[in-house]
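In: Below are the sequence and a predicted model for it; my questions follow.
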Amino acid sequence: MSRTRIFHVVTTCSKLGFEQYGKRMLESLRQHWPAEVGVTLYSEDVVDAVALPDWLHAFKARHAKNKAANGKGSHGRFLGQYNYRFDAVRFAHKTAAVIDAAERMIADRSADVLIWIDADTVTHAPVTMEFLRTLPPERSAFDIAWLWRTKTYPECGFYMLNLTKPGVANLIHEWKKLYTADTLFHLPEWHDSFVLKELVKSLNCTWTSLSGDASNTSHPFVNGPLGAVMDHMKGARKIVGHSKARDLTAPRDEAYWKGIK
């Protein structure tokens, strides 16, 4: 079967998240992204969204009463406090969406590159096919292209998986096993960004950075090349509806950013 798409975007959110920010994210994709880029929304409770896989529901059922797996255990200086670094259940939704979509696209050869984008983002300027093709240098050479940060785990609000590479199929297989066999809990942290970084490292996957000159910042999404066309509203920013001027390490020239205080 011949490939019908080069790029396909995947995201996920709850019904509440869809109303607060996910709907806006999808509308901005339709407005600014090329029509030939596919888009798939995964959700447990949004009408017409693709259902999250059964293995995720089994994982959640096994750990529904496990406080530690929901970020409420005892972890060093975070004793007695919620700690997102150990909220395996919450971040498993994102992981499950990526894995399920990648499995389907590899099986039916329907896309070359899966692009994960967090639902609390907005595209504020036109995205061209040329921009997407040149965003990761030497597209055929990488397994994963992500927002690398030199001092911590990557910022995984946006990344690209090269589904044409055999190493990515193996990555997806081993990634899924961490959740179906509960070996995820052998890792030092259990949130998606840390888990993905450890897996890429252990499997010797080839990666490239999308951060540009912003890899030494905490927020390379808005400070690197992606910031020219997108905003990522992490945390409380999603309620405000945009990032803050202080999130930028240097002024940006785009009209969107000039209007933000």
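Out: That came in fine, so what should we check first?

In: and the helix or strand of the chain with the lowest mean pLDDT, how far out from the chain's middle?
Out: Every helix and strand in the chain was compared by mean pLDDT, DSSP states H and E; the lowest is helix 237-240, with a mean of 87. Between the centre of helix 237-240 and the centre of its chain there are 18 Å (CA atoms, centre = their mean, to the nearest Å).

In: how about that helix: buried residues?
Out: Neighbour-count burial for helix 237-240, with 16 or more other CB atoms under 10 Å as criterion, is recorded at 237-238. C-beta coordinates here come from the backbone N, C-alpha and C atoms, glycine included.

In: mind saving the C-alpha coords of it as CSV?
Out: Extracted in CSV, the C-alpha atoms of helix 237-240 (Å, rounded to 0.1, in the frame of the first residue of the first chain):
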residue,chain,number,x,y,z
ARG,A,237,-1.1,29.3,31.0
LYS,A,238,-3.8,27.2,29.3
ILE,A,239,-6.5,28.9,31.4
VAL,A,240,-5.1,32.4,30.5
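
In: Give the next helix or strand downstream of it.
Out: Using DSSP states H and E, the helix or strand that follows helix 237-240 in sequence is helix 255-258.

In: What lies in contact with that next one?
Out: If you take CB atoms under 8 Å, 6 or more residues apart in numbering as the criterion, helix 255-258 is touched by 124-125, 227, 231, 245, 248, 251-252.

In: what's the answer for stretch 87-104, then?
Out: So stretch 87-104 is contacted by 8, 10-12, 40, 42, 44, 50, 52-53, 55-56, 59-60, 63-64, 69-71, 84, 110, 114, 116, 118, 161, 163, 168, 172, 175-176, 179, 184-185, 190-192, 195-196 (CB under 8 Å, 6+ apart).

In: for stretch 166-174, same thing?
Out: The set of residues external to stretch 166-174 that reach it, using CB under 8 Å, 6+ apart, is 99, 102-103, 106, 143-144, 161-163, 199-200, 203, 205-206.

In: Go ahead and build a PyMOL selection from the buried members of those.
Out: Paste this into PyMOL to select the buried members of these, with burial taken from 16+ other CB under 10 Å:
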select buried, resi 99+102+106+143+144+161+162+163+199+200+205
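
In: just the contacts of stretch 166-174 now: which is nearest residue 213?
Out: residue 144 (20.1 Å; CB to CB).

In: From what I see, the closest one and residue 200 are in contact.
Out: Yes - using CB atoms under 8 Å, residue 144 is in contact with residue 200, at 6.1 Å.

In: which residues of the stretch 101-250 of the chain fall in strands?
Out: Using DSSP state E, counting those that start in this stretch, the strands of the stretch 101-250 of the chain run over 113-117, 121-123, 144-147, 155-162, 207-209, 230-232.
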